[in-house]
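1. one predicted model, sequence on top.
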Amino acid sequence: MKPIGPIPLEFRGQSALEVGGVPLAGLIECAGATPFFAYDFGIVAARVARLRAALPAGADLHYAIKANPFAPLLAAIAPLVDGLDIASSGELERALEVKPAAAISFAGPGKTDAELEAAIGAGVTLNLESEGEADRALAAGARLGITPRLAVRVNPDFELRGSGMKMGGRASPFGVDAARVPALVKRLIEAGADWRGFHIFAGSQSLDTAAIVETQAATLVLAARLVDEAGASPPLVNLGGGFGIPYVAGDTPVDVEAVGAALGERVAESPLSGTRFAIELGRWLVGEAGVYVARIVDRKESQGETFLVVDGGLNHMLAATGNFGMVVRRNYPVAIAERISAPAEETVTVVGPLCTPLDRLSDQAGLPHAEVGEHVVIFAAGAYGASASPSAFLGHAPAREVLIGAPAHA
């Protein structure tokens, strides 16, 4: 038997799955069929409120919509955050439906000329990833007769310790090496661009509170140095995020109150008195608010092992199979939806319907006995789920998605 990850606090103690007070049968009715993702907006709103209370004055909160771009969720979360961060023209279209352009920033390498023109034409801030992209953005602004809003994404000379995906301290397709940033900022200002500041992102999915505090402090020091060398003060410094959530056994949550308190002290000491700061988060805001539910369609024995075969798999929830950046495959939090709190009675492997041995949602997990027609639930499924999975693989239908508890304005 292999350990499974911790069920998020908001779902612990349930005898059977409920999302936002809606029981399993109601969720299936809302979705229309399995498999489906269900998101509890009450959990998302509580996360936003908790972070707001922890952050110092002058620190904005941005939502990175790559974590979950589901349109109803995006419409509901947009009024609660100060900005949206996007990484494609498709996300640009979705963001402009729910937030003014001035509150949207566009990051990511390889932006096409068409994407640059669309962003500049809309009035979105571009986080430049290279000097070449800066040249193309300035040229696009000249073609359109519009002053482009341009920030510089910095490749810092340090990394976020303990992060699942390190984004700094090494050669990278992301951002401009810190040593070259001041010269680029000077050039942008001389060219007449509306310089909007820095985006400094060192890593993601870190559960190490001390490492996050250390990285934010280093980011503020780096930003002050770049400002001094460039000779211009930025309107905004996006400090990135990096806050992880527990997925596997042994994971513990980030202490965001400690992070916020330390950030407040560092901001108070920073020489960037006229600058606002932003924290950019995706996974931490929405990840633990979501569940993925699939129906058991077969129960089989093979060479002494028991398999529960469900009607969805890596085509919907790639991350749970270990194929989305996990170095060593470990089990996400999983349960039988009808008996979440029941003790383990057997060791089973949960697999999807795809013709590949990679399609394992849970491997040799201890679960209560379950039969065909019952349901498996994967927790911590609210981020990098449906939109980060190969939904077209083998031609299965995409997973359905439902948002529970959305406010009336969404």
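-> The structure has been received and is ready for your questions. From a predicted model like this one, the values you see are computed outputs, not experimental measurements.

2. next, residue 63: secondary structure please.
-> Of the three states, residue 63 takes strand under DSSP: H, G, I helix; E, B strand; the rest coil.

3. excluding its backbone neighbours, what's nearest it?
-> Excluding its sequence neighbours, the residue lying closest to residue 63 (CB to CB, 6 or more residues apart in numbering) is residue 81, at 4.6 Å. For glycine as for every other residue, the C-beta is placed from the backbone atoms N, C-alpha and C.

4. just residue 283 next, same as before
-> In space, and not counting its chain neighbours, residue 283 is closest to residue 383: 4.2 Å by CB to CB, 6+ apart.

5. what's near enough to touch that neighbour?
-> Residues near residue 383 by CB atoms under 8 Å, 6 or more residues apart in numbering: 67-68, 245, 282-283, 286-287, 290.

6. still on that earlier bit, can you give me the neighbour number for the residue nearest to residue 63?
-> 22 (other CB atoms under 10 Å).

7. and it, what is it in contact with?
-> By CB under 8 Å, 6+ apart, the contact set of residue 81 is 48, 61-63.

8. format those residues as a markdown table; extra columns: distance to residue 375 and pLDDT.
-> Below are these laid out as a markdown table (distance: CB to CB, whole Å; pLDDT from 0 to 100):
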| residue | distance to residue 375 | pLDDT |
| --- | --- | --- |
| 48 | 29 | 98 |
| 61 | 34 | 97 |
| 62 | 35 | 97 |
| 63 | 30 | 98 |
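
9. go through those residues and name the one nearest residue 111.
-> Of all the contacts of residue 81, residue 62 has the smallest distance to residue 111: 18.5 Å, by CB to CB.

10. pull the longest strand from the protein.
-> As assigned by DSSP state E, the longest strand anywhere in the chain is strand 290-302.

11. and that one, what other elements does it pack with?
-> Applying 3 or more CB pairs under 8 Å, 6 or more residues apart in numbering; DSSP states H and E, we find strand 290-302 packed against helix 24-31, strand 36-40, strand 305-310, strand 375-378.

12. show me the contact partners of the longest one.
-> This points to helix 24-31. Residues outside helix 24-31 that contact it (CB under 8 Å, 6+ apart) are 16-19, 22, 34, 36, 38, 293, 337-338, 375, 400-402, 404.

13. quick one: the helices in the stretch 101-250 of the chain, in order.
-> 113-122, 131-144, 181-190, 209-230 (DSSP state H, counting those that start in this stretch).

14. redo those as TSV? Include distance to residue 297, mean pLDDT and mean neighbour count.
-> Conversion of the helices of the stretch 101-250 of the chain to TSV gives the following (distance: least, CB to CB, whole Å; pLDDT from 0 to 100; neighbours: other CB atoms under 10 Å):
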stretch	distance to residue 297	mean pLDDT	mean neighbour count
helix 113-122	42	98	18
helix 131-144	48	98	17
helix 181-190	54	97	18
helix 209-230	42	92	20
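
15. please convert the ones you listed to TSV, extending it with distance to residue 389.
-> Below are the helices of the stretch 101-250 of the chain laid out as TSV (distance: least, CB to CB, whole Å):
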stretch	distance to residue 389
helix 113-122	24
helix 131-144	29
helix 181-190	35
helix 209-230	28
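
16. can I take it that residue 277 is in a helix?
-> No. Judged by three-state DSSP, residue 277 forms no part of a helix; its state is strand.

17. and for it, the neighbour number?
-> Residue 277, neighbours per other CB under 10 Å, totals 23.

18. residue 71 now?
-> Using other CB under 10 Å, residue 71 has 13 other residues around it.

19. look up how far residue 26 lies from it.
-> Using CB to CB, to the nearest Å, residue 71 is found at 21 Å from residue 26.

20. before we move on, what about residue 44?
-> As judged by CB to CB, residue 44 and residue 26 stand 19 Å apart.

21. so those two - more neighbours on which side?
-> Legend: neighbour count by other CB under 10 Å for residue 44 and residue 26, higher for residue 44 (26 against 16).

22. dump the residue contacts of the more buried one.
-> 73, 76-77, 285-286, 289, 382.

23. quick check: it vs residue 271, distance?
-> From residue 44 to residue 271 the distance is 35 Å (CB to CB).

24. also residue 314?
-> 49 Å.

25. what about these two, which has more around it?
-> Counted by other CB under 10 Å, residue 314 and residue 271 do not tie: residue 314 has more neighbours, with 23 against 12.

26. domain ranges for this protein, per the record?
-> Per automatic domain parsing, the domain ranges recorded for the chain read 9-39+288-404, 69-281.

27. what is the neighbour count of residue 324?
-> By other CB under 10 Å, the residues close to residue 324 number 14.

28. which residues sit in contact with it?
-> The contact partners of residue 324, by CB under 8 Å, 6+ apart, come to 318, 384, 388-389.

29. need the max-distance pair from the contacts of residue 81.
-> Across these (CB to CB), the longest gap, 11.3 Å, separates 48 and 62.

30. which one's more surrounded, the two?
-> residue 62 (24 against 18).

31. what's the distance between the more buried one and residue 104?
-> Going from residue 62 to residue 104 by CB to CB gives 9 Å.

32. pull stretch 215-233 out as CSV, backbone CA atoms only.
-> The C-alpha trace of stretch 215-233 is given here as CSV (Å, rounded to 0.1, in the frame of the first residue of the first chain):
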residue,chain,number,x,y,z
THR,A,215,13.0,34.8,-2.1
GLN,A,216,10.7,37.8,-1.6
ALA,A,217,13.3,39.6,0.3
ALA,A,218,15.9,38.9,-2.4
THR,A,219,13.4,40.1,-5.0
LEU,A,220,12.9,43.4,-3.3
VAL,A,221,16.7,43.9,-3.0
LEU,A,222,17.1,43.0,-6.7
ALA,A,223,14.3,45.4,-7.8
ALA,A,224,15.9,48.3,-5.8
ARG,A,225,19.3,47.6,-7.4
LEU,A,226,17.8,47.5,-10.9
VAL,A,227,15.9,50.8,-10.3
ASP,A,228,19.1,52.4,-9.1
GLU,A,229,21.0,51.2,-12.2
ALA,A,230,18.2,52.1,-14.6
GLY,A,231,17.6,55.5,-13.0
ALA,A,232,13.8,55.2,-13.1
SER,A,233,11.3,54.1,-10.5
